[in-house]
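> how would this look folded up:
(2 chains)
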Protein chains: 2
Amino acid sequence: MANAVENKAHHVVVIGGGFGGLYAAKALSRNNNVNVTLIDKRNFHLFQPLLYQVATGTLSPADISSPLRSVLNHSQNTKVLMGEVVDVDTKEQKVILQNEAITYDSLIVATGVSHFYFGNEHWEKVAPGLKTVEDALEMRRKIFLAFEAAEKETDPEKRRAWLTFVVVGGGPTGVELAGAIAELAYTTLKKDFRNIDTSEAQILLLEGMDRILPPYAPELSAKAETSLTKLGVTVQTKTLVTNIADDIVTMRQGDSVEQLPAKTILWAAGVKASPMGKILAERTGAQLDRAGRVIVESDLSVAGHPNIYVVGDLANFSHQTGKPLPGVAPVAMQAGNYVATLIQQKLKGNGSVPFRYLDRGSLAVIGRNAAVVDLGFVKFSGILAWLTWVFVHIYFLIEYDNKLIVMLQWGWNYWTRNRGARLITGESLLTVNGEERISDRFASVNNKTTVNV
Amino acid sequence: MANAVENKAHHVVVIGGGFGGLYAAKALSRNNNVNVTLIDKRNFHLFQPLLYQVATGTLSPADISSPLRSVLNHSQNTKVLMGEVVDVDTKEQKVILQNEAITYDSLIVATGVSHFYFGNEHWEKVAPGLKTVEDALEMRRKIFLAFEAAEKETDPEKRRAWLTFVVVGGGPTGVELAGAIAELAYTTLKKDFRNIDTSEAQILLLEGMDRILPPYAPELSAKAETSLTKLGVTVQTKTLVTNIADDIVTMRQGDSVEQLPAKTILWAAGVKASPMGKILAERTGAQLDRAGRVIVESDLSVAGHPNIYVVGDLANFSHQTGKPLPGVAPVAMQAGNYVATLIQQKLKGNGSVPFRYLDRGSLAVIGRNAAVVDLGFVKFSGILAWLTWVFVHIYFLIEYDNKLIVMLQWGWNYWTRNRGARLITGESLLTVNGEERISDRFASVNNKTTVNV
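Model (predicted):
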């Protein structure tokens, strides 16, 4: 190496092991002039783009997760720390955890976002979102329990409510969820029940804008809607959810208000910055946008704090197009790599060039053989788009851990049209919105008050 | 079919979708003279013999589970009902669930067993057993969290306690757990930590009898002990646990009493009948043994109730050897098949022959390339035994659902010596016996009080 190794290496602390944080840590892993500490609440990196497949019973959580220690175990300059950052001391350059404080020279914050209910946070209990493994397993529980409850229900109206699935939000996650539930109801589960016909299930996808997949080209939105409709999904655009209560979704489309009884409501509509955004704002004076994301400089640093960077979904980077970059994995990966390079250049005394996101295109999958791909210079849909989607996801999945298993699982599911991972797990297995609580009259000795995943 | 189909088919109700219940239901699935209702609290059959691989991060729960509806969806005479039986009315021949009652002509009870702590039920909180998916995930959480906590601990004594794993009970489950944890500590995780040397971990296997695997031939017990010792496990026989409190295991070996600080204690020692045993005893006058299992007649029926049968771990069948048959999958499978045949023979007016268990042998795996096999006429150990174990488990796994994925996962893990399913999930991720509870000072909006699997 050109530079002599300093007595005390430059210490980079990375908070968050998602795409942004992990790519930054990996990009720094071969440089002996830096030491890296990656802090995460979880012991694994989660491939969030495939979380909807856990929620709908195709994959297991471990199939789309990689232990952070395992991904980084060859990086001798890197420590992984499982812990939660509760504060940052910018004067002392310290990150504060529950029981310890860690000094940094450079800090990369990549803690992402969680769901947002636009001021109706109480909806979360009945309309879960999809960000964590636990979220996905809760969705899975709700979806498969709904079919079980419908099978037992004798009242036709109530049965209809059990077989009504409402997905709120027509972005990629909402589209993928709605498509996967439609395939479940109309194909996978068709022969599994005796009292109900699962193909009577009603799957609604609600979107507030005038088309689904709003960031995509209009012709792809139209194609996605056609594919979803063919699958059996009812797509309703320009529709806002105004209330969710007592298993009834109230929605407004223009001037008409509709009330729909539905037992399963899934949230894919809004995101809100993780609490680190607020902490950073308090400690650095950084500006936050309405979603609580940190507005960053052109080099992804926080204004006035050139050694603190924000990457991934938590960052609002508007220097390129005037609008914030979208909260997708490729932006986070590129930002992580950029900051890693920048820190190393600065150590060599070099200046910085602004971050530029290279948009290689957008993908969304609707179902078996159906997807839309927008590469900018070319847009396409159908089976070719679906194969592109499969290839891209396998490619990125196997980057750090060999997830060939996922490919084989997909291959198997593709031919058999079956899904093996549809376990209803967790506590209160038979409790559906409190309706069927089982007495503990014959409670077994291993009953627990809480159950862990 | 020889007999004319009756106007009202004979209704067989099966409680429990484990090996006993599922094999009975499957054996009845082609007979149009019977209708079958299979009731289970869960929506899936669990391949319990491999549960220890979920607990130690090799497989995901879905890899060893099959949706009951999917297994039985071609059986037009069979209904699956997700529900919990809370009582049986033998006069009206009804099974009572929370919200409904189901009339039976024949009843097969196959609800199995849960852990037993010999009167120290409060040990369960600190020393979980291994019967359900949730149990396995809780064990997984404890095991991997222990290494994380050791990595953070600076006090050498406390660190040692975090790296001490005690498995109580030297039957197949205990042997398999201890072997798998040893492989984790001494191979899989070796390069993953920076502050600790995982090979300093201490893994104890405690057994009350004079040798591990007591039901096996003594030479196999000896070979299993040698293999475990080679893996790094300390095997202590003739040792009884007399107390578990404040992270200290008190054990007695002869006259000497030892106290060992250990943060991770896993229970593989005792079993106790599920609550259905007591219900049956109250309603039928059936005798229970000390573990609460139902003492059955030579045709697996309950005395005085020739149309009520008990199969699997819940049954105490002592007519063959004078001792109860062991609580293993092959006994349950054969009993399920036997009762299914018996019911059909009775419908034809034929008499019954007593149940006879055909013991095809016993298997236990210790680790990579190490297992013991006892086929009665021949006993062997080592790599050949290990291959036999792999073959037998794959064979039975793929019987109802194609679990080739498991074989591929094993193949992959075998060559890489890695384990991908080591997620720490569930609530209170950073809480280890209440020591490191994270403040909710910066709680995110999606904090939940309970988390489902």
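
> When you work out contacts or count neighbours from here on, use the C-alpha atoms and nothing else.
Noted.

> what does the regular element (helix or strand) spanning A:Thr242 rub up against?
Secondary structure assigned from DSSP states H and E places A:Thr242 in strand A:239-245. Counting by Cα atoms under 8 Å, 6 or more residues apart in numbering or on different chains, strand A:239-245 makes contact with A:123, A:126, A:168, A:206-209, A:249-254, all of which sit outside it.

> so what secondary structure elements neighbour whichever helix or strand comes after it?
Helices and strands here follow DSSP H and E; after strand A:239-245, the next one along the chain is strand A:248-253. Contact here means 3 or more Cα pairs under 8 Å, 6 or more residues apart in numbering or on different chains; DSSP states H and E; on that basis strand A:248-253 packs against strand A:239-245, strand A:256-261.

> Partner strands of strand A:248-253, with direction?
In the sheet containing strand A:248-253, its partner strands are strand A:239-245 (antiparallel), strand A:256-261 (antiparallel), by DSSP bridges.

> before we move on, the earlier item: buried deepest among the helices and strands packed on strand A:248-253, which one?
A comparison of these by mean neighbour count, using mean count of other Cα atoms under 10 Å in any protein chain shown, puts strand A:239-245 on top with a mean of 17.

> what mean pLDDT would you report for that one?
Per-region confidence: strand A:239-245 scores 96 on mean pLDDT.

> what ranges do the strands span in the stretch 101-250 of chain A?
Here the stretch 101-250 of chain A has its strands, by DSSP state E, counting those that start in this stretch, at A:101-103, A:106-109, A:113-116, A:164-168, A:202-206, A:233-236, A:239-245, A:248-253.

> Select from those the stretch with the lowest mean pLDDT.
Sorting those by mean pLDDT places strand A:113-116 lowest, at a mean of 92.

> orientation of the strand holding A:Thr242 relative to strand A:164-168 in degrees?
Orientation note: strand A:239-245 sits at an angle of 120 degrees relative to strand A:164-168 (axes from the mean of the first three to the mean of the last three Cα atoms, to 10 degrees).

> pull the CA atoms of strand A:239-245 into PDB?
Listed in PDB are the C-alpha atoms of strand A:239-245, where the atom choice follows Å, rounded to 0.1, in the frame of the first residue of the first chain:
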ATOM      1  CA  THR A 239     -58.400   5.500  -4.000                       C
ATOM      2  CA  LEU A 240     -57.500   6.700  -0.500                       C
ATOM      3  CA  VAL A 241     -58.100   4.700   2.600                       C
ATOM      4  CA  THR A 242     -59.800   7.000   5.100                       C
ATOM      5  CA  ASN A 243     -60.500   4.600   7.900                       C
ATOM      6  CA  ILE A 244     -59.800   1.000   9.100                       C
ATOM      7  CA  ALA A 245     -61.900  -0.100  12.000                       C
END
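
> how about the helices in the stretch 101-250 of chain A?
Under the criterion DSSP state H, counting those that start in this stretch, helices of the stretch 101-250 of chain A are mapped to A:133-152, A:156-162, A:172-183, A:218-231.

> Can I get those in a markdown table including distance to B:Arg368?
Formatted as a markdown table, the helices of the stretch 101-250 of chain A follow (distance: least, Cα to Cα, whole Å):
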| stretch | distance to B:Arg368 |
| --- | --- |
| helix A:133-152 | 30 |
| helix A:156-162 | 47 |
| helix A:172-183 | 38 |
| helix A:218-231 | 46 |
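
> got the strands paired with strand A:248-253 as a markdown table, with distance to B:Ala245 columns?
Shown next, in a markdown table, are the strands paired with strand A:248-253 (distance: least, Cα to Cα, whole Å):
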| stretch | distance to B:Ala245 |
| --- | --- |
| strand A:239-245 | 46 |
| strand A:256-261 | 51 |
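
> out of these, which comes closest to B:Thr111?
Between B:Thr111 and the strands paired with strand A:248-253, the shortest separation by Cα to Cα is 36.4 Å, and it involves strand A:256-261.

> outside of that closest one, which residues touch it?
Counting by Cα under 8 Å, 6+ apart, A:Ala161, A:Thr164, A:Asp247, A:Ile248, A:Val249, A:Thr250, A:Met251, A:Arg252 sit against strand A:256-261.

> from those, which would you call buried?
For the contacts of strand A:256-261, a burial check counting by 16 or more other Cα atoms under 10 Å in any protein chain shown picks out A:Ala161, A:Thr164, A:Asp247, A:Ile248, A:Val249, A:Thr250, A:Met251, A:Arg252.
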